[in-house]
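**Q** Output the structure for:
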Amino acid sequence: MFSRRRALILGFAAVGLAGCSSSSTTINVNNNDAGTQTGGSNSTGGKSGTSGTDGIGGLNSTGGMTSSRLIASAIAAGDSHTCAVLSGGAVQCWGDNTWGQLGNGKTGNGATMISTGPVAVSGLTNASTIAAGRQHTCAVLNGGAIQCWGASYGAGALGDGTTADSALPVTVLGVTNAIAVSPGYDHTCAVLNGGTVQCWGWNDQGQLGNGTTTNSNLPIAVSGITNATAIVANWKYTCALLGNGKVQCWGRNTDSELGDGTTTASIVPVTVLNITSAMSIGKASEGDHICSLLSGGTVQCWGANAYGQLGNGSTVNSSVPVAVSGVASATSIAEGGWHTCALVSVGTIQCWGYNGDGELGNGTTTNNAVPVTVSGITNASAIAASKHTCAVLSGGTVQCWGGNGHGELGNGSTTNSNVPVTVGGF
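**A** Just a heads-up that it's a prediction; the model follows:
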């Protein structure tokens with residue numbers, strides 16, 4: 001499974017790279033019309049270098065980082081892009097923009113477009129929360145409306161009544177009172193005020209939870225859920241945190257993602273076994289494992305475990321929740337495709353699982369089936385993970401680490417990092 005999906009992602013990184021705004025450096029590769037190379041004489045692309053010798057994304061390059069500092073209040077990691085809500089409600093994104101998932105009105109137009117630093121999402125000034133899926137992004141706005149942008153995957157994952165991609169935010173139809181949103185691999189779900197859940201997009205594995213396997217380009221109600229407080233849409237399955245501390249999941253279950261002791265898919269919600277005091281659930285747009293933060297600060301995970309992403313010292317899948325070793329004071333959790341991270345009460349971060357691109361942030365690329373501490377971070381307030389990991393630090397600075405083939409670390413380069421690097425402009 002890992003090789004198949006990694007190949008898919010690497011396929012997106014193919015042909016050309018192009019740019020987005022003056023607050024970031026952009027690259028255009030294998031574009032015969034480009035002619036001019038932006039980002040210095042060591043950059044890849046174009047025929048003639050201009051302004052600086054710092055390479056891709058160098059601070060002296062044309063389009064380099066601006067002097068005014070951005071202040072993040074929330075962070076989200078997609079498959080190969082990252083987005084942050086700023087303190088005033090605007091949103092900035094960076095990384096892959098092939099499908100318009102950066103929301104600045106640009107797409108790859110047949111060639112991969114990336115931005116190695118933050119660019120503004122067009123027209124968004126009042127976002128309260130942000131969440132990123134595989135190749136699309138959604139924000140809950142003040143007041144409860146939802147806007148999404150990027151890939152629709154031919155099935156309506158943007159929820160606007162069409163199956164078209166959009167490089168600009170579009171409004172999800174019929175939703176005016178959302179409290180949370182979660183884009184997944186190819187679908188999206190939201191919790192509404194009052195505790196009901198609605199989903200839209202692909203439904204081939206029952207990930208919309210309405211008792212069918214029919215896709216929907218408009219929000220439809222998940223069967224039987226009336227007291228949800230949080231939602232995560234993952235790789236063709238979805239899980240909801242309920243007000244009584246239990247977790248229910250539906251959709252794909254090949255790797256025991258539903259946590260009900262089976263590997264049988266379900267088109268309606270089933271209850272995760274032995275979880276009765278959950279405080280939050282982790283988010284992974286392409287992962288086949290999931291974790292829950294319990295009252296008291298412990299963490300339990302279930303599902304696929306080939307790289308130790310369940311954190312219990314083994315690499316054996318589990319169809320029921322298992323305790324993560326040594327985590328006792330977590331305040332939030334985030335899941336990547338094959339790794340997991342926990343923010344602990346003192347502001348440090350612990351991660352475990354796959355580390356081939358440095359996503360555990362401990363200065364190595366060695367997988368770990370038990371938690372290791374991320375290097376140099378002692379004041380984190382929020383975390384997000386995908387093929388890479390990011391954290392908001394006190395004061396609104398953002399640092400990221402791990403895979404960076406599309407500029408998703410936001411530091412002006414496309415080089416992976418196994419230790420945290422600061423996102424330009426923050």
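
**Q** Could you use CA atoms for every contact and neighbour count after this?
**A** Noted.

**Q** contacting residues around residue 300?
**A** 291-294, 310, 321-324 (C-alpha atoms under 8 Å, 6 or more residues apart in numbering).

**Q** rerun that using 10 Å as the cut-off
**A** 275, 278, 281, 290-294, 310-312, 320-325, 327 (C-alpha atoms under 10 Å, 6 or more residues apart in numbering).

**Q** Restricted to helices, list those.
**A** Using DSSP state H, no member of the contacts of residue 300 falls within helices.

**Q** Okay, and which of those map to strands?
**A** 278, 281, 290-294, 320-323 (DSSP state E).

**Q** now do the same end-to-end measure for stretch 394-411.
**A** 19 Å (C-alpha to C-alpha, to the nearest Å).

**Q** Same question for stretch 177-186.
**A** OK, stretch 177-186 end separation, C-alpha to C-alpha: 23 Å.

**Q** Compute the first-to-last residue distance for stretch 118-134.
**A** The straight-line separation of the ends of stretch 118-134 (C-alpha to C-alpha) is 18 Å.

**Q** oh sorry, the question was meant for stretch 419-426
**A** End-to-end distance of stretch 419-426 (C-alpha to C-alpha): 17 Å.

**Q** same deal with stretch 340-360?
**A** One end of stretch 340-360 sits 8 Å from the other (C-alpha to C-alpha).

**Q** Go through it and flag the buried ones.
**A** For stretch 340-360, burial by neighbour count (16 or more other C-alpha atoms under 10 Å) applies to 340-345, 347-360.

**Q** Inside helices: which ones of these?
**A** Per DSSP H, the subset of the buried residues of stretch 340-360 in helices is empty.

**Q** how many other residues sit next to residue 233?
**A** 32 (other C-alpha atoms under 10 Å).

**Q** from what I can see it touches residue 289, true?
**A** No - using C-alpha atoms under 10 Å as the test, residue 233 is too far from residue 289 to be in contact (11.7 Å).

**Q** any shared contact partners between these two?
**A** Common neighbours of residue 233 and residue 289 (C-alpha under 10 Å, 6+ apart) are 282-283.

**Q** re earlier: and the ones in strands among the contacts of residue 300, which are buried?
**A** 278, 281, 290-294, 320-323.

**Q** Can I get those residues in CSV including distance to residue 271 and pLDDT?
**A** Below are these laid out as CSV (distance: C-alpha to C-alpha, whole Å; pLDDT from 0 to 100):
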residue, distance to residue 271, pLDDT
278, 13, 98
281, 14, 97
290, 14, 97
291, 14, 98
292, 13, 98
293, 16, 98
294, 16, 98
320, 11, 98
321, 12, 98
322, 15, 98
323, 18, 98
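
**Q** Which one of these is nearest to residue 144?
**A** residue 281 (21.1 Å; C-alpha to C-alpha).

**Q** Next up, the contacts around the closest one.
**A** 230-232, 239-241, 247, 290-294, 299-301, 332-335.

**Q** my guess is residue 410 meets residue 81, correct?
**A** Yes - with contact defined as C-alpha under 10 Å, residue 410 reaches residue 81; the gap is 9.0 Å.

**Q** any residues in contact with both of those two?
**A** 93-95, 115-116, 404.

**Q** quick one: residue 81 and residue 367, what's the gap?
**A** Taking C-alpha to C-alpha, one finds residue 81 at 23 Å from residue 367.

**Q** no no, residue 410
**A** Taking C-alpha to C-alpha, one finds residue 410 at 24 Å from residue 367.

**Q** So which of the two has more stuff around it?
**A** Set side by side, residue 410 and residue 367 show more neighbours around residue 410, with 32 against 21, by other C-alpha under 10 Å.

**Q** Please, which helix or strand holds residue 163?
**A** Counting by DSSP states H and E, no helix or strand carries residue 163.

**Q** doesn't residue 186 make contact with it?
**A** No - here residue 163 lies out of contact with residue 186, judged by C-alpha under 10 Å, at a distance of 11.6 Å.

**Q** The two: which is more packed in?
**A** residue 186 (29 against 19).

**Q** For the more buried one, list the residues it contacts.
**A** Counting by C-alpha under 10 Å, 6+ apart, residue 186 makes contact with 133-136, 151-158, 200-203, 207, 233-237, 285-286.

**Q** Sitting in strands, which of those do you find?
**A** 136, 200-201, 233, 237.

**Q** okay but residue 421 is in contact with residue 404, surely?
**A** No - contact criterion C-alpha under 10 Å: residue 421 and residue 404 do not qualify, at 11.1 Å.

**Q** overlap in contacts of those two?
**A** Residues touching both residue 421 and residue 404 (C-alpha under 10 Å, 6+ apart): 410-411.

**Q** neighbour-wise, which of these two wins?
**A** Counted by other C-alpha under 10 Å, residue 421 and residue 404 do not tie: residue 404 has more neighbours, with 26 against 18.

**Q** Who are the contact partners of that one?
**A** So residue 404 contacts 80-81, 95-96, 116, 357-359, 387-388, 410-411, 413-417 (C-alpha under 10 Å, 6+ apart).

**Q** Just the ones in strands from those residues, please.
**A** Using DSSP E, the contacts of residue 404 in strands are 81, 95-96, 116, 388, 417.

**Q** where do the helices sit along the stretch 101-250 of the chain?
**A** Assigned helices in the stretch 101-250 of the chain: none (criterion: DSSP state H, counting those that start in this stretch).

**Q** Residue 394 - how many residues pack around it?
**A** 16.

**Q** next one: residue 295
**A** 17.

**Q** Now do the same contact list for it.
**A** 245, 276-280, 328-331.

**Q** Only whichever of these are buried, select them in PyMOL.
**A** In PyMOL syntax, the buried subset of those is picked out as below (16+ other C-alpha under 10 Å):
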select buried, resi 245+277+278+279+280+328+329+330+331
